[in-house]
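1. below: sequence and its predicted model.
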Amino acid sequence: HHGKDESYHSAPPPDAVAFVTSTDEVSKVLQICSEAKTPVIPFGAGSSLEGHISAVCGGISLDLTGLNAILNVIKYLEKLFFCSQDIHNIHFSTAQVELRLHGVPELQRLAVCSFPSIQQAVDTCTAIMQMGIPVARMEFMDEHTMAATNKYSKLHNAELPSLVIELNGTADDIENQTSMVEALTEEYDVQKVEWATSTEDRAELMKARHAAWYATLNLVPGSRGLSTDVCVPLSKLTQVIVDTQADLQSSNLIGNIVGHVGDGNFHVMLPFVPADYPQIQAFSDRLIERALAAGGTCTGEHGIGLGKKKYLALEHGGATTDVMRAIKAALDPHEILNPGKLF
């Protein structure tokens, strides 16, 4: 369990697992590992997609699932240490974190909008964001994703490039936002729009997006999956996605495109068997190069982990990565905190 995640990387298991239930226990484990110069790999849900939980240098898996209690509520929390890649974030994982809670919106409305082409779907997304319509969610699924989820989850959605748009607010807000969204979708030749307001109906419309990953893996029995996660400026999003689908087709690869496109982030989900891996990796490399050329990032969500280490310096420059390495060395002089990742 602690040597397996959702990524396509091989996942060497840890030498042992420490199940902690308090910050004191975390501190004791880290002290022992520091003295023994033994690697420590934090473990949460095991859902990482870039091999973050792999014990590539052996060591202890620090299972943090027991730290699940709300201990206190305070107005201010200072000195909170944020970072990525699990290389130092045990500090964050075990902190007492203040969350600002918002009330449930008076009304929530969800739409699934189907378009004749990817270009029209993504152009609609860009137009909605440029208009400043305060959407709560903007998800994209290409026609192949819609077909795969219909088959996997026994749905009956239009097998066309689609946007899932969620609106939150007062009844008046929702009516105004709905009118603006409908007007914009019509400008881009929307073929079908389904609206839902009740919790049950909204959940029904979201089934395709929630099933997309496993529906894609189902296309190739026994496959593993690689999910890319580039992010590009909204002004470049349509062209990058169109070029990416053309690359998929010319490469004769099976792959579905989905994304949280409201912020320019999208994923290509690629099921593969071991013999296909070189071709899959070459496609991923081309996609990352395309995103960087458009002024984007190689990772909008999943992190560098194991799979994108070679792109860190290309994206940020050698001077920046040198600073990152120096910070890492200062905080982790024995290189025991999730070694082998990021750099």
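-> Perfect, I can see it now. None of these values were measured; they are calculated from a predicted model.
2. identify the residue nearest the geometric centre of this structure.
-> Glu301 (4.2 Å; CA atoms, centre = their mean).
3. if I've got this straight, Thr244 is in a helix?
-> Yes - counting by DSSP: H, G, I helix; E, B strand; the rest coil, Thr244 is part of a helix.
4. re earlier: wait, the residue nearest to the centre of the chain touches Asn265, no?
-> Yes - Glu301 is in contact with Asn265 according to CB atoms under 8 Å; the separation is 5.9 Å. The way it works is simple: take the backbone N, C-alpha and C, and place the C-beta from them, glycine included.
5. residue boundaries of the helices in the stretch 101-250 of the chain?
-> Along the stretch 101-250 of the chain, the stretches classed as helices by DSSP state H, counting those that start in this stretch are 118-130, 143-153, 171-187, 199-205, 207-217, 234-250.
6. kindly reformat these as TSV containing mean pLDDT.
-> What follows is the helices of the stretch 101-250 of the chain, written out as TSV (pLDDT from 0 to 100):
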stretch	mean pLDDT
helix 118-130	97
helix 143-153	98
helix 171-187	96
helix 199-205	93
helix 207-217	95
helix 234-250	96
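7. JSON lines for those, including mean neighbour count?
-> As requested, the helices of the stretch 101-250 of the chain are exported to JSON lines (neighbours: other CB atoms under 10 Å):
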{"stretch": "helix 118-130", "mean neighbour count": "20"}
{"stretch": "helix 143-153", "mean neighbour count": "21"}
{"stretch": "helix 171-187", "mean neighbour count": "16"}
{"stretch": "helix 199-205", "mean neighbour count": "13"}
{"stretch": "helix 207-217", "mean neighbour count": "20"}
{"stretch": "helix 234-250", "mean neighbour count": "17"}
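8. before we move on, back to that, which residues are common contacts for Glu301 and Asn265?
-> Asp229, Cys231 (CB atoms under 8 Å, 6 or more residues apart in numbering).
9. related to what we said a few turns ago, give me phi/psi at the residue nearest to the centre of the chain?
-> phi -150, psi -50 (degrees, to the nearest 10).
10. how about Glu50, phi and psi?
-> phi -130, psi 30.
11. ok, now which ones touch it?
-> Ser7, His9, Thr299, His302, Gly303, Ile304, Gly305, Leu306, Gly307, Lys308.
12. quickly check those for the two that are furthest apart.
-> Distances among the contacts of Glu50 were taken as CB to CB; the most separated pair is His9 and Thr299, at 14.5 Å.
13. so Arg224 bridges to which residues?
-> Phe272 (DSSP bridges).
14. give the buried residues for stretch 44-53.
-> Gly44, Gly46, Ser48, Leu49, Glu50, Gly51, His52, Ile53 (16 or more other CB atoms under 10 Å).
15. as CSV, these with secondary structure, distance to Val122 and pLDDT would be great.
-> Shown next, in CSV, are those (DSSP: H, G, I helix; E, B strand; the rest coil; distance: CB to CB, whole Å; pLDDT from 0 to 100):
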residue, secondary structure, distance to Val122, pLDDT
Gly44, coil, 33, 83
Gly46, coil, 32, 77
Ser48, coil, 28, 78
Leu49, coil, 23, 76
Glu50, coil, 25, 77
Gly51, coil, 30, 76
His52, coil, 30, 82
Ile53, coil, 33, 83
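16. closest to Glu204 among those residues?
-> Leu49 (26.9 Å).
17. the closest one against Trp213, yeah?
-> No - contact between Leu49 and Trp213 fails when scored by CB under 8 Å: they sit 9.5 Å apart.
18. let me see the domain layout of this protein.
-> Listed by the TED database, the domain ranges of the chain are 16-70, 107-303.
19. which one of those lies closest to Ala313?
-> Of all those, the one in closest proximity to Ala313, counting by CB to CB, is domain 107-303 (11.0 Å).
20. before we move on, the earlier item: so which of the helices of the stretch 101-250 of the chain is nearest Ala329?
-> helix 234-250 (35.6 Å).
21. who are the neighbours of that closest one, in terms of helices and strands?
-> helix 118-130, strand 256-260, strand 265-272, helix 277-293 (3 or more CB pairs under 8 Å, 6 or more residues apart in numbering; DSSP states H and E).
22. got a markdown table for these, with distance to Val164 too?
-> Formatted as a markdown table, the helices and strands packed on helix 234-250 follow (distance: least, CB to CB, whole Å):
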| stretch | distance to Val164 |
| --- | --- |
| helix 118-130 | 10 |
| strand 256-260 | 10 |
| strand 265-272 | 13 |
| helix 277-293 | 23 |
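23. out of the ones you listed, which gets nearest to Asp142?
-> That would be strand 256-260 among those, by CB to CB, at 4.3 Å.
24. partners of that closest one, with directions?
-> Here, using DSSP bridges, strand 256-260 pairs with strand 135-141 (antiparallel), strand 265-272 (antiparallel).
25. ok so, going back, settle it for me: which of His9 and Thr299 has more neighbours?
-> Set His9 next to Thr299 and count neighbours by other CB atoms under 10 Å: Thr299 wins out with 24 against 19.
26. quick one: the more buried one from Leu101, how far?
-> According to CB to CB, to the nearest Å, Thr299 stands 29 Å off from Leu101.
27. now do the shared contacts for Leu49 and Trp213.
-> Joint contacts of Leu49 and Trp213 (CB under 8 Å, 6+ apart) are Ser227.
28. of the strands paired with strand 256-260, which stretch is the most buried?
-> Scoring the strands paired with strand 256-260 by mean neighbour count under mean count of other CB atoms under 10 Å gives strand 265-272 as the most buried, with a mean of 24.
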